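Peer 1: Pasting the sequence and the predicted model now:
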Amino acid sequence: MNLFDKFTVALPYNEFLTRYANPGQLERWKAMHAQVTLSANQKSLLGAFTRKMPVLVLAGAWCGDCINQCPIFEHFAAASPQIQTRYLDRDDHPDAQRVLQMNAGNRVPVVVFFSEDGHEVARFGDRTLSKYRQLLREQAGPSCPTGLAVSNDPLLVQVTQDWLDEFERVQWLLRLSPRLRAMHGD
């Protein structure tokens with residue numbers, strides 16, 4: 001399956017929410033969006049992106065992980081005209097859901113990054129490292145020490161940075177791609 005074909009039929013953020021979120025879910029998405037903030041340095045980094053980066057997000061309006069993470073992507077897109085996000089409902093696109101399974105399970109959100117000409121560059125999801133560290137601490141408890149240093153930053157700040165690190169990694173991959181450098185003459 002060519003996932004870029006799915007990108008072309010996926011919906012912008014607000015259209016996705018209008019179509020799939022019920023009123024209660026929509027309020028949760030709006031509340032989370034309002035909580036996300038980017039630092040001046042994060043905005044500056046995103047503003048320095050030069051390669052177009054289409055981003056497909058397999059999601060569900062009902063999904064708590066999506067509610068907690070997808071608004072972050074919209075803040076990134078607002079800070080960088082190079083990022084174009086589109087959302088695909090997991091349940092309405094079972095073919096994409098099968099292709100994007102993680103650990104043999106249906107997960108959301110799953111993010112697929114593309115080059116401007118539709119080549120898949122990377123996939124990332126369903127939760128970030130900071131979130132998994134938090135879950136490990138909560139579920140494994142003190143009887144199973146991890147040796148992980150605990151950040152003093154709120155989890156949302158950590159998750160935002162985790163996602164920004166992946167967006168940045170993909171941007172530099174695109175920026176340094178010999179194929180794209182030849183295409184752009186840079």
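Peer 2: The structure has been received and is ready for your questions. Numbers count the residues shown, from 1 in each chain.
Peer 1: show me where this protein has helices.
Peer 2: 3-9, 13-20, 23-35, 40-47, 64-79, 94-99, 129-140, 155-176, 178-184 (DSSP state H).
Peer 1: got the angle for the fifth one vs helix 155-176?
Peer 2: Think helix 64-79. Angle between the axes of helix 64-79 and helix 155-176 is 50 degrees (criterion: axes from the mean of the first three to the mean of the last three Cα atoms, to 10 degrees).
Peer 1: out of the helices of the chain, which comes closest to R107?
Peer 2: Smallest distance to R107 across the helices of the chain (Cβ to Cβ): 8.3 Å, for helix 64-79. (Glycine included, C-beta is placed from N, CA and C.)
Peer 1: hang on, the earlier thing: tell me which of the helices of the chain is the most buried.
Peer 2: helix 64-79 (a mean of 21; mean count of other Cβ atoms under 10 Å).
Peer 1: For it, what does the pLDDT average out to?
Peer 2: Per-residue pLDDT over helix 64-79 has a mean of 97.
Peer 1: Who are the packing partners of that helix?
Peer 2: helix 13-20, helix 23-35, helix 40-47, strand 53-59, strand 83-89, helix 155-176 (3 or more Cβ pairs under 8 Å, 6 or more residues apart in numbering; DSSP states H and E).
Peer 1: Let's have these in a markdown table, adding distance to A140 and mean pLDDT.
Peer 2: Putting these into a markdown table (distance: least, Cβ to Cβ, whole Å; pLDDT from 0 to 100) gives the following:
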| stretch | distance to A140 | mean pLDDT |
| --- | --- | --- |
| helix 13-20 | 34 | 98 |
| helix 23-35 | 27 | 98 |
| helix 40-47 | 31 | 98 |
| strand 53-59 | 28 | 98 |
| strand 83-89 | 33 | 98 |
| helix 155-176 | 17 | 97 |
